[in-house]
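Enquirer: pasting a predicted model and its sequence here:
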Amino acid sequence: MSSKSNFKNVKGTRDILPLESIRWQRVENVVRKKMEQYNFQEIRFPTFEYTDLFRKSTGESTDIVRKEMFTFADMGGRSLALKPEGTPSVVRMFLQYGFFTKGILQKFYYIERMFRQERPQKGRYREFRQFGAEVIGSSSAETDVELVKSAFDIFNELDIKGVELNINSIGCPKCRKNFIKELKGFLKGKLVSLCEDCRRRYDENPMRILDCKEDKGKIKGAPVPSDFLCDDCRAHFEEFENRLDFFNIKFNIENRLVRGLDYYTKTVFEFVNANLGSQNEVGGGGRYDELIKFMGGEDTPASGYAVGIDRLMLLLPEKEEKLGVDVYLVTFDEESDLEGGKILASLRQEGFSCDKDPMKRSVKAQFREADRQNAKWVIIIGENERKRGIVQLKNMNKGEQKEIPMEADKIVKELKC
Ligand code: AMP
């Protein structure tokens, strides 16, 4: 049915209608179950933060901060931003609530909405949802593998096929220094031919030029971070690979993978799926050993990832999703309607979903509604049933009808068998 209203949802936002919502719940339930199996604790954070949080942590030079954040001023004139990603808020909470205790790990997960002013297209929205996990306090490659594995467990449980893992190491500030020097030397003569963004990145964050889609062809043969790793970073990356092998997790080494954010160190990874077309990245993450100190905390290693749920939904296999109630009440007169309402209240207490017509419509209309609602059972009550102290219980799948005493516990017993 089309509507004459001119109101539409804002470009880049999404409405999730009831049937689709069942699919979302399926995903969210699996995420929660799996995260809890890994002993990640759920945290929830606000929709907006002070803009400075993202400027400092995500990084001034990133596309997210430069071009994509929704910012606005509060009444006191302070700049606020709708959160474009989760890690900065997680780190802020870690610091704000004094989670740091030397030698203790914090394992968090979240399911949150994010906001970025990107050009909307399939798989790319201005408001979207992510789930993510962050482990703060562990420097080990085992943690990075655990994170990757938790994501694959979720993909597998949801029967999402074809997700590939790309990995790389971008080293630590120590080994990155040499790499950046070499890279800048290589790029210097080519700068005029690079895109405007890359010309700016040359001074602000030259490593990002490596994953620019536009300039890909022009920087063939550029040095890559993995050629410059120090012993510690190399050993860390090898252990990451070995442990992935150990769990039979297949991966591709993408030596130009650097990820778009400023805070990554050592391990970076992304999950991609070719079926998604141009927006083929399902999720990504990596280690951020320097960020917590940089944000004013103790020197604390950390690692994490985020997966875009909207993109996951595009990959989720179709299942026969149906709206439906367990029990629908059909009554012939007002008194039966009242009696039936009482029974439904008891059945709801027992965990059954129930509904009835609130508009005193005809019996035919009530049955039509029971069908539309895919009711598994229909309870039918009229004057005759009331007098005899029974209800008619119709099993809609089998088409069978039985008389049951008009007592909630007897009806429950029948529904459960
Ligand atoms: P990022 O925080 O940029 O590493 O993104 C992590 C994941 O979030 C991506 O792999 C996507 O699945 C998802 N994502 C990022 N931006 C968008 C967007 N604009 N619309 C939908 N999903 C997004």
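Expert: Received the coordinates, thanks. Numbers count the residues shown, from 1 in each chain.

Enquirer: just give the nearest non-adjacent residue to Gly86, would you?
Expert: Gly132 (4.8 Å; Cβ to Cβ, 6 or more residues apart in numbering). C-beta: built from backbone N, CA, C; applies to glycine.

Enquirer: pairing partners for the helix or strand where the one you found lies, with directions?
Expert: Counting by DSSP states H and E, the element that carries Gly132 is strand 127-136. Here strand 127-136 is paired, per DSSP bridges, with strand 106-115 (antiparallel), strand 302-308 (antiparallel).

Enquirer: contact partners for the residue nearest to Gly86?
Expert: 86-87, 90, 109-110, 112, 285, 304-307 (Cβ atoms under 8 Å, 6 or more residues apart in numbering).

Enquirer: that one bridge partners, please.
Expert: Judged by DSSP bridges, the bridge partners of Gly132 are Tyr110, Ala306.

Enquirer: so the closest residue to the ligand within the stretch 251-400 of the chain versus Asn39, what's the distance?
Expert: Going by Cβ to the nearest ligand atom, the ligand is nearest to Gly308 of the stretch 251-400 of the chain, at 2.2 Å. For Gly308, the distance to Asn39 (Cβ to Cβ, to the nearest Å) stands at 24 Å.

Enquirer: turn the strands paired with strand 127-136 into a markdown table, columns for mean pLDDT.
Expert: What follows is the strands paired with strand 127-136, written out as a markdown table (pLDDT from 0 to 100):
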| stretch | mean pLDDT |
| --- | --- |
| strand 106-115 | 98 |
| strand 302-308 | 98 |
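
Enquirer: out of those strands, deepest packed?
Expert: Among the strands paired with strand 127-136, the stretch with the highest mean neighbour count (mean count of other Cβ atoms under 10 Å) is strand 302-308, at a mean of 25.

Enquirer: export that strand to PDB, keeping only CA atoms.
Expert: Provided in PDB are the C-alpha atoms of strand 302-308 (Å, rounded to 0.1, in the frame of the first residue of the first chain):
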ATOM      1  CA  ALA A 302      45.300  -4.000  23.400                       C
ATOM      2  CA  SER A 303      43.700  -5.500  20.400                       C
ATOM      3  CA  GLY A 304      40.200  -5.600  18.800                       C
ATOM      4  CA  TYR A 305      37.900  -5.700  15.800                       C
ATOM      5  CA  ALA A 306      34.500  -4.700  14.600                       C
ATOM      6  CA  VAL A 307      32.200  -6.300  12.100                       C
ATOM      7  CA  GLY A 308      29.400  -4.500  10.200                       C
END
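
Enquirer: ok, and what's touching that strand?
Expert: Here strand 302-308 makes contact (Cβ under 8 Å, 6+ apart) with 85-87, 90-91, 123, 128-138, 143-144, 147-148, 151, 154, 267, 269, 271, 281-289, 291-292.
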